[in-house]
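J.: Here you go, sequence then predicted model.
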Amino acid sequence: MFESLSERLGGVFDRLTRAGALSEADVVTALREVRTALLEADVSLPVTRDFIKRVTDKATGSAVTKSITPGQMVVKIVHDELIRVLAGDTEPEALKIDNPPATILMVGLQGSGKTTTTAKLAKRLKDRNGKKVLLASLDTNRPAAMEQLAILGAQIGVDSLPIVKGESAVQIAKRAKTQANLGGYDVVFLDTAGRLHIDEVLMDEIQSVRDIAQPRETLLVVDGLTGQDAVNVATEFDGKVGISGVVLTRMDGDGRGGAALSMRAVTGKPIRFVGLGEKMDAIEPFDAQRVAGRILGMGDIVALVEKAQETFEAEQAERMAKRFAKGLFNMNDLKMQLDQMLKMGGMQGLMGMMPGMGKMASQADAAGLNDKMLHHQIALINSMTKKERANPDLLAASRKKRIAAGAGLDVADLNKLLKQHRQMADMMKKMGKGGMIKQAIKSMLGKGGMPDPSKMSPEQMSELAKGMGQGMGGMGGGLPPGMGGLPRGITLPSGLSGLMKKK
């Protein structure tokens, strides 16, 4: 969502950091471009003015302009102020589910993704917190709304309140509360009805439900693609009903991100979660520091580690490490790595989390280096026999034709895959001998505890990124060759550099 803003800011800061010394006029000129970029990203004017004023006050002092790395100092000031805009001055709180059955009231306009978000949060609480959850739909207006929530509940293994036709929203809320008490539930979600716009009928109904349910949390679900109107909706709901937090949906879309950057500053209410897709696990807690890092092209190493911890199996990783240390790397290993890349967010997702790589994501996609290419490579490996996967040297011309035809691709595509395999096999051998595989496992699985990036210097972040890159090259499915030349000033981790040389 922040791609265009990130590109604009990246260009500004590239010019700043390349300059040896900065005058106050240089900083002011750069911040004028930052102001334009924020306004074009649909950030509200008052928020933009306040942001630029605070950055200017801190960035035009003599301590900055005469420092050894003035450009980096300005970037750090902008980064810190971005975090302040996104999160406010208080630490984010966890959902209040300490007094079972804790009621969470879900409110929002129709079409914002409220029902899907309710199911996503229920799955998250069940899987990650071990909570017993009950879902109840109070939407008596939209056709099949209740059935939709019941179906989603069945998909994620969460109970839903039986549907009784003819009941009002208040009656359903009372029945849900009773059922939650009798059934020993930890959390009950009340999915209220929405409207296409805010009106008195909608607000009266939600207020009546709120008075009956006495929710621990009232979460407003708003569509992140609606821009500044999402901020207006949040302001009105908070004024008439009272909300404890916001969930922004469709944050994986191509909106400009202004709602996220303006929400906390304008409404005073925290963004608690962001929806990143249609799948039931495509929701994350909102972390201002990590979002600010992504906007400024610093990547998101913490998210990369979390993805690795979620998708890697320690025993499997240990077995792979032993094989690689012996110089063993066949097509089954390569397929496992390609599958791992898709699980961790695909080509674009991984590049967005690697520091300095976000700028290359669009170039990579234009060059055909995307998830479609990964699926094609997996299809080619699936077309091979067990013997061919275990020993790719068996692949003569006749076998190559058969494999390519079975995958619906050309022999040239198979030859590229074989070249990639040889490059990766050579790299694995070197990493195995140098003990880098074990270090990669520690990085990917978080052994020894994950350091706090907020307390790390740029040099320490670079070292962490390097270790993660070695992990991605050695354990998580190295990126294929053909990425082309790197932007000036960007150095790749050693685990990836051999795989991304120009063919």
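T.: The structure has been received and is ready for your questions. Note that the coordinates shown come from a computational prediction; the quantities given were computed from them, not determined experimentally.

J.: Next one: Leu418 relative to Ala379, how far apart?
T.: Distance, Leu418 to Ala379, using CB to CB, to the nearest Å: 15 Å. C-beta: built from backbone N, CA, C; applies to glycine.

J.: Also Ser23?
T.: Distance of Ser23 to Ala379, given as CB to CB: 57 Å.

J.: Among the two, which residue is more densely surrounded?
T.: Ala379 (16 against 12; other CB atoms under 10 Å).

J.: Tell me which other helices or strands the host helix or strand of that one touches.
T.: Here Ala379 sits within helix 371-382, counting by DSSP states H and E. Helices and strands touching helix 371-382, by 3 or more CB pairs under 8 Å, 6 or more residues apart in numbering; DSSP states H and E, are helix 331-343, helix 346-353, helix 397-407, helix 411-433.

J.: mean pLDDT lowest for which of these?
T.: Ranked by mean pLDDT, those bottom out at helix 346-353, with a mean of 62.

J.: Would you mind splitting the chain into its domains for me?
T.: Following automatic domain parsing, one gets these domains for the chain: 3-87, 102-293, 301-497.

J.: Now do the contacts for Lys131.
T.: Lys131 sits next to Ile97, Leu125, Asp186, Val187 when contact means CB atoms under 8 Å, 6 or more residues apart in numbering.

J.: which of the helices and strands packed on helix 371-382 is buried the deepest?
T.: Highest mean neighbour count among these (mean count of other CB atoms under 10 Å): helix 346-353, with a mean of 21.

J.: ok, back up a step: of the contacts of Lys131, select the buried ones using a ChimeraX command.
T.: Buried subset of the contacts of Lys131, written as a ChimeraX selection, criterion 16 or more other CB atoms under 10 Å:
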select :97,125,186,187
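
J.: What lies in contact with stretch 202-209?
T.: 105, 107, 138, 169-170, 173, 190, 192-195, 240-241.

J.: Specify the local secondary structure of the closest residue to Glu284 other than its chain neighbours.
T.: Setting aside the residues directly before and after it, Glu284 is nearest to Val274 in space (CB to CB, 6 or more residues apart in numbering), at 5.9 Å. Following DSSP: H, G, I helix; E, B strand; the rest coil, we place Val274 in the strand state.

J.: After the helix holding Ala379, which helix or strand is next? Please name it.
T.: helix 386-390.

J.: And the helices in the stretch 1-150 of the chain?
T.: Along the stretch 1-150 of the chain, the stretches classed as helices by DSSP state H, counting those that start in this stretch are 3-18, 24-40, 45-59, 62-65, 70-87, 114-129, 145-156.

J.: What's the mean pLDDT across the first one?
T.: Spelled out, that is helix 3-18. Rounded mean pLDDT across helix 3-18 is 68.

J.: And the longest one, by the same measure?
T.: Mean pLDDT, helix 70-87: 78.

J.: how far off helix 24-40 does it point, in degrees?
T.: Angle between the axes of helix 70-87 and helix 24-40 is 30 degrees (criterion: axes from the mean of the first three to the mean of the last three CA atoms, to 10 degrees).

J.: Tell me the buried residues in helix 70-87?
T.: For helix 70-87, burial by neighbour count (16+ other CB under 10 Å) applies to 70-71, 73-79, 81-87.

J.: Kindly report the same for the last one.
T.: Neighbour counts over helix 145-156 (16+ other CB under 10 Å) mark Ala145, Met146, Gln148, Leu149, Ala150, Leu152, Gly153, Ile156 as buried.

J.: Just to check, the fifth one is in contact with Val158?
T.: Right, Ala150. No. Ala150 is beyond contact range of Val158, at 10.1 Å (criterion: CB atoms under 8 Å).

J.: what is in contact with those two at once?
T.: By CB under 8 Å, 6+ apart, the residues touching both Ala150 and Val158 are Leu135.

J.: Take the contacts of stretch 202-209 and lay them out in JSON lines including distance to Arg216, secondary structure and pLDDT.
T.: Listed next are the contacts of stretch 202-209 as JSON lines, based on distance: CB to CB, whole Å; DSSP: H, G, I helix; E, B strand; the rest coil; pLDDT from 0 to 100:
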{"residue": "Leu105", "distance to Arg216": "9", "secondary structure": "strand", "pLDDT": "94"}
{"residue": "Val107", "distance to Arg216": "14", "secondary structure": "strand", "pLDDT": "92"}
{"residue": "Leu138", "distance to Arg216": "17", "secondary structure": "coil", "pLDDT": "91"}
{"residue": "Ala169", "distance to Arg216": "19", "secondary structure": "helix", "pLDDT": "90"}
{"residue": "Val170", "distance to Arg216": "19", "secondary structure": "helix", "pLDDT": "92"}
{"residue": "Ala173", "distance to Arg216": "14", "secondary structure": "helix", "pLDDT": "92"}
{"residue": "Leu190", "distance to Arg216": "11", "secondary structure": "strand", "pLDDT": "94"}
{"residue": "Thr192", "distance to Arg216": "15", "secondary structure": "coil", "pLDDT": "91"}
{"residue": "Ala193", "distance to Arg216": "21", "secondary structure": "coil", "pLDDT": "89"}
{"residue": "Gly194", "distance to Arg216": "21", "secondary structure": "coil", "pLDDT": "86"}
{"residue": "Arg195", "distance to Arg216": "25", "secondary structure": "coil", "pLDDT": "81"}
{"residue": "Lys240", "distance to Arg216": "20", "secondary structure": "helix", "pLDDT": "86"}
{"residue": "Val241", "distance to Arg216": "15", "secondary structure": "coil", "pLDDT": "88"}
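
J.: Checking my notes, Glu284 in a helix, right?
T.: No. Judged by three-state DSSP, Glu284 forms no part of a helix; its state is strand.

J.: Asn99 versus that one, what's the distance?
T.: Glu284 sits 25 Å away from Asn99, going by CB to CB.

J.: ok, those two, which is more surrounded?
T.: Using other CB under 10 Å as the criterion, Glu284 and Asn99 rank with Glu284 on top: 16 against 9.

J.: pretty sure that one is touching Gly277, no?
T.: No. Shown here, Glu284 and Gly277 do not form a contact pair, counting by CB under 8 Å, at 10.5 Å.

J.: which SS state does Phe189 fall under?
T.: strand.

J.: Please name the bridge partners of it.
T.: Ile104, Leu135 (DSSP bridges).

J.: and it, how many neighbours does it have?
T.: 30.

J.: so how many other residues sit close to Arg272?
T.: Using other CB under 10 Å: Arg272 sits among 21 other residues.

J.: For it, which residues are in contact?
T.: With CB under 8 Å, 6+ apart, Arg272 has these contacts: Pro92, Leu95, Leu219, Gly245, Val246, Val247, Pro285, Phe286.

J.: switch to 10 Å and redo it
T.: Residues near Arg272 by CB atoms under 10 Å, 6 or more residues apart in numbering: 92-95, 121, 217, 219-220, 243-248, 285-286.

J.: Could you do Val158 as well?
T.: Val158 makes contact with 118-119, 122-123, 125-127, 131-135, 149, 152, 185, 187, 189, according to CB under 10 Å, 6+ apart.

J.: Many thanks, I have nothing further to ask.
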